[in-house]
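Q: Below: sequence and its predicted model.
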Amino acid sequence: MSKSALEEEFAWQLKAASVKQATREYTFARPRRWRFDFAWPDEMVAVEVEGGIYTRGRHVRPQGFINDCEKMNHANTPDKHGRSWCVLRFCAEHVHRGDALVLVEKALKRRKGYAKEKR
């Protein structure tokens, strides 16, 4: 799957801020093959970069929105170990202003020991 210019901008921001490297296009639910644009699996923090909101992109059309609801609900439901994902969703404005970067840094700090505590 190709990376959007918006995702590349966000990746650049993460690198410039020395944020722990994310896994791109991380598959989190098998066999569904649902993926996060960016993920930090140890902390169970994920980012979805929502492009196309002004051009009726897939995510804002009815079926795309329904599918995204199902995906997010699955990610936020605790697994058999009581762990669930912290999923942050950002549009272009959030990335351009730097808000996305700030919130990801906060989420990673808050969940730093999450994997150790929940195992």
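A: Here it is on my side, so go on.
Q: ok, the residue nearest the centre of the chain - contacts?
A: Closest residue to the average C-alpha location of the chain: Val47 at 1.5 Å, with C-alpha atoms, centre = their mean. By C-beta atoms under 8 Å, 6 or more residues apart in numbering, the contact set of Val47 is Phe10, Ala22, Phe36, Asp37, Phe38, Ala39, Val87, Leu88, Arg89, Phe90, Ala100, Val104. For glycine as for every other residue, the C-beta is placed from the backbone atoms N, C-alpha and C.
Q: same check, this time on Arg111
A: Residues in contact with Arg111, defined by C-beta under 8 Å, 6+ apart, are Glu43, Met44, Val45, Cys86.
Q: What residues sit buried inside the one helix or strand Glu9 maps to?
A: Using DSSP states H and E, Glu9 maps to helix 5-16. The neighbour-count check on helix 5-16 (16 or more other C-beta atoms under 10 Å) flags Leu6, Glu7, Phe10, Ala11, Gln13, Leu14 as buried.
Q: before we move on, the earlier item: so which of the contacts of Arg111 is the closest to Asp68?
A: Cys86 (16.3 Å; C-beta to C-beta).
Q: neighbours around that closest one, how many?
A: 19 (other C-beta atoms under 10 Å).
Q: now do Met44
A: The burial count for Met44: 20, using other C-beta under 10 Å.
Q: need the contact list for the residue lying closest to it once chain neighbours are set aside.
A: Distances taken as C-beta to C-beta, 6 or more residues apart in numbering place Trp85 nearest to Met44, at 5.0 Å, with adjacent residues excluded. Applying C-beta under 8 Å, 6+ apart, we find Trp85 in contact with Phe28, Phe36, Met44, Val45, Ala46, Ala75, Asn76.
Q: hmm, 6 Å instead?
A: By C-beta atoms under 6 Å, 6 or more residues apart in numbering, Trp85 lies in contact with Met44, Ala46, Ala75.
Q: before we move on, what about Phe38?
A: Ala22, Val47.
Q: and it, how far is that from Val104?
A: Phe38 sits 8 Å away from Val104, taking C-beta to C-beta, to the nearest Å as the criterion.
Q: I am finished for the moment; much appreciated.
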